[in-house]
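[1] quick one, what's the 3D model for this:
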Amino acid sequence: MRKVVLAILVGATSVAIVTGVKGGSRDGDRDRFRFAPDSLVVTRTVYTANADTVTVGETLPLGCAGGANGSTVVAVPTTTGGTTDVTVPCGIASDNGEFPNDRDSHNVWNNASTDGSFGITSPIFLDNITSEGWLLGTLPIPTDQMVTSFSSKSELALNRSVDGRSLTFMGYQGGPGCGGGPVSPTAPNLIDVSASNTPAICDPTNPVISNSTSTPIVPTAYYRAVAEVDGRGHLMITDGNAYSGDNGRAAMKGGNGLYYMVGNDNSGNLSKKQLPATQIGIDLINATGAELLVPGQAAPVPPNVGMIGRLEIGSDKPGKDTNFRGLTIFDNTLYVTKGSGSNGINTVYQVGSQGTLPTGSAADLANAPIVPLPGFPNTTASTSTSFPFGIFFANATTLYVCDEGDGVLVPGQVINGQPNVADAQTLATAGVQKWVLQNGTWVQLYVLQNGLDIGVPYNVAHYPASLSPATGGCRNMTGRVEEDGTVTIWAVTSTISTNGDQGADPNKLVRVRDLLSATTLPTVDQHDRDHDHDLGSFRTIRTARAGEAIRGVALAPRDQDRD
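    Below is the predicted model of the structure:
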């Protein structure tokens, strides 16, 4: 078993970090790293590719059979014994692999306009920080075991298990290539992995068949895997076949010891009519939304991929209404959010029955109900007005929701004497929303926004001023109820900018306090000059640097030996 030991100097303290363990480590390694008690953990990713990663004019996705700006026709077998023709388009690289910088005009994210699957794999770091944002230590995840995708803004949510002893997140691990090809590499700086197939659900209409210029015609496939890290940094990875063609976003370990996940799938080109008429389409329909995975088991294959419930609204492409982004488990009940996509209902859902986590066979899981919480949006109009992401229950009747805003940029706008690029919808509802349960219905009391400076561009060192991002709202979050009756919320911001992909913008980790019993928006205490204890006022405690992105935040896991 490969072991890597790093020493990080934090102030006057040297923190030893053990990585490279999969499924545990030798007893002697366990004392080398521990998450600090009562601290936070943040997932972070860093762009490590360079100009040579992408070549202007090459076909994107790499290996797409139709060639640059061309297409090919694929005959897909139907369930009735015939075939149906599907056109698979290709794109072309419009820029090289340079991350935006202040030395030239190159921007790798320009390629997103010609390749709808575009992304570059990048390493994952777990930063252990104080509640004030001071770094205590960093646990790097070995890049030959798991990577994430830059700039997938919905990835790397971080959740503490119900028993408080571990953290979970999702990423990519190479598996056998489609058609029985060699195992795909797990590494940074690979193109379009986030839209690749999973090994057991290979869609021939998905143009992402390769991720490496050295093997441009070898079909590759990647598990959407769950990583679990305990209080001493030991890492266990469980592979899954859900979310083929897109990304797994979040995972949480329930009190029953099982993983519950959310994500989306299907970057292929099967039409709404072709999906239920082909076996690959049926497999895709049943491999998205909320999913169940058993820790340590072999990756389930169709028809046993554990999709929980079925949700299809209106004329949406099957499976796309379950484009879930965030999740939590409270009182042994699973809750998920949908906050993106042009179809379905953007809202907060309960999955399964109150007080009972969904379990059982794939057939059992399929029968679990998925319903909006009473009082939350329940019509398709919500796709342009509601953008929930992370959620945190302070108690059974108080729910905080991160709304990331719609991401719409309004250039040339001035509000209160300063530039502001946010539209009216974002300015009205983005931020941390407070909801309370009254007579069986959830009611929104107010939105915490003060100090977020929504829509106001901010500068990042060595990042082009023309791409300066502005906060658009927030995505992932965690919280803690304090002894004095207040609630402390930590949240990861979303952004608005002119960048080719806003998920690549350097964003922030912010903190806000709220009075749990309050029913009206808190007012700022003008006598608290350092603003450390302002109710309702956000404070930035970390800002990503150019080439970095902050993704998830959670309370640190407890060391079971200290329980």
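
[2] which residues in the stretch 301-450 of the chain form strands?
    306-307, 324-330, 333-338, 347-351, 370-372, 388-395, 398-403, 414-415, 418-419, 431-438, 441-448 (DSSP state E, counting those that start in this stretch).

[3] out of those strands, flag the one nearest residue 536.
    strand 441-448 (5.7 Å; C-beta to C-beta). In this view, the C-beta of every residue, glycine as well, is placed from N, C-alpha and C.

[4] and the helix or strand just after that closest one with strand 441-448, angle?
    Sequence-wise, the next helix or strand downstream of strand 441-448 (DSSP states H and E) is strand 470-481. Here the directions of strand 470-481 and strand 441-448 differ by 120 degrees (axes from the mean of the first three to the mean of the last three C-alpha atoms, to 10 degrees).

[5] what is strand 470-481 packed up against?
    strand 324-330, strand 388-395, strand 398-403, strand 431-438, strand 486-496, strand 548-555 (3 or more C-beta pairs under 8 Å, 6 or more residues apart in numbering; DSSP states H and E).

[6] in it, what's buried?
    Using 16 or more other C-beta atoms under 10 Å as the test for burial, strand 470-481 gives 470-479.

[7] let me know the closest of these to residue 242.
    Among these, and counting by C-beta to C-beta, the member closest to residue 242 is residue 476, at 19.7 Å.

[8] wait, doesn't that closest one sit right on residue 388?
    No - using C-beta atoms under 8 Å, residue 476 makes no contact with residue 388, being 11.6 Å away.

[9] tell me the contacts of residue 501?
    109, 112, 118, 151 (C-beta atoms under 8 Å, 6 or more residues apart in numbering).

[10] quick one, what contacts the last one?
    Read that as residue 151. 109, 119-120, 501-504, 549.

[11] filter the residues you listed down to the buried ones.
    109, 119-120, 501-504, 549.

[12] if we can go back for a sec, tabulate the contacts of residue 151 (a markdown table), appending secondary structure, distance to residue 176 and pLDDT.
    Below are the contacts of residue 151 laid out as a markdown table (DSSP: H, G, I helix; E, B strand; the rest coil; distance: C-beta to C-beta, whole Å; pLDDT from 0 to 100):
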| residue | secondary structure | distance to residue 176 | pLDDT |
| --- | --- | --- | --- |
| 109 | helix | 31 | 97 |
| 119 | coil | 21 | 96 |
| 120 | strand | 23 | 97 |
| 501 | coil | 30 | 93 |
| 502 | helix | 34 | 94 |
| 503 | helix | 29 | 94 |
| 504 | helix | 30 | 96 |
| 549 | strand | 30 | 98 |
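
[13] reformat those as JSON lines; add distance to residue 190.
    Shown next, in JSON lines, are the contacts of residue 151 (distance: C-beta to C-beta, whole Å):
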{"residue": "109", "distance to residue 190": "16"}
{"residue": "119", "distance to residue 190": "9"}
{"residue": "120", "distance to residue 190": "7"}
{"residue": "501", "distance to residue 190": "17"}
{"residue": "502", "distance to residue 190": "22"}
{"residue": "503", "distance to residue 190": "17"}
{"residue": "504", "distance to residue 190": "16"}
{"residue": "549", "distance to residue 190": "17"}
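
[14] for those residues, work out which two are farthest apart.
    120 and 502, at 15.6 Å, using C-beta to C-beta across the contacts of residue 151.

[15] re the thing from before, out of the buried ones among the contacts of residue 151, which is nearest to residue 337?
    residue 503 (17.3 Å).

[16] skip the chain neighbours and tell me the closest residue to that closest one.
    Counting by C-beta to C-beta, 6 or more residues apart in numbering, residue 503 lies nearest to residue 153, which is 3.1 Å off, once chain neighbours are set aside.

[17] so residue 253 is in contact with residue 168, correct?
    Yes - contact criterion C-beta under 8 Å: residue 253 and residue 168 qualify, at 5.5 Å.

[18] those two: which has the busier surroundings?
    Remark: of residue 253 and residue 168, residue 168 carries more neighbours, 26 against 23, as counted by other C-beta atoms under 10 Å.

[19] out of the contacts of residue 501, which sit inside helices?
    With helices taken from DSSP state H, there is no overlap with the contacts of residue 501.

[20] how about TSV for those, with distance to residue 496 added?
    Shown next, in TSV, are the contacts of residue 501 (distance: C-beta to C-beta, whole Å):
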residue	distance to residue 496
109	14
112	16
118	20
151	14
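
[21] need the residues touching each of residue 476 and residue 388.
    Between them, residue 476 and residue 388 share the contacting residues 326, 402, judged by C-beta under 8 Å, 6+ apart.
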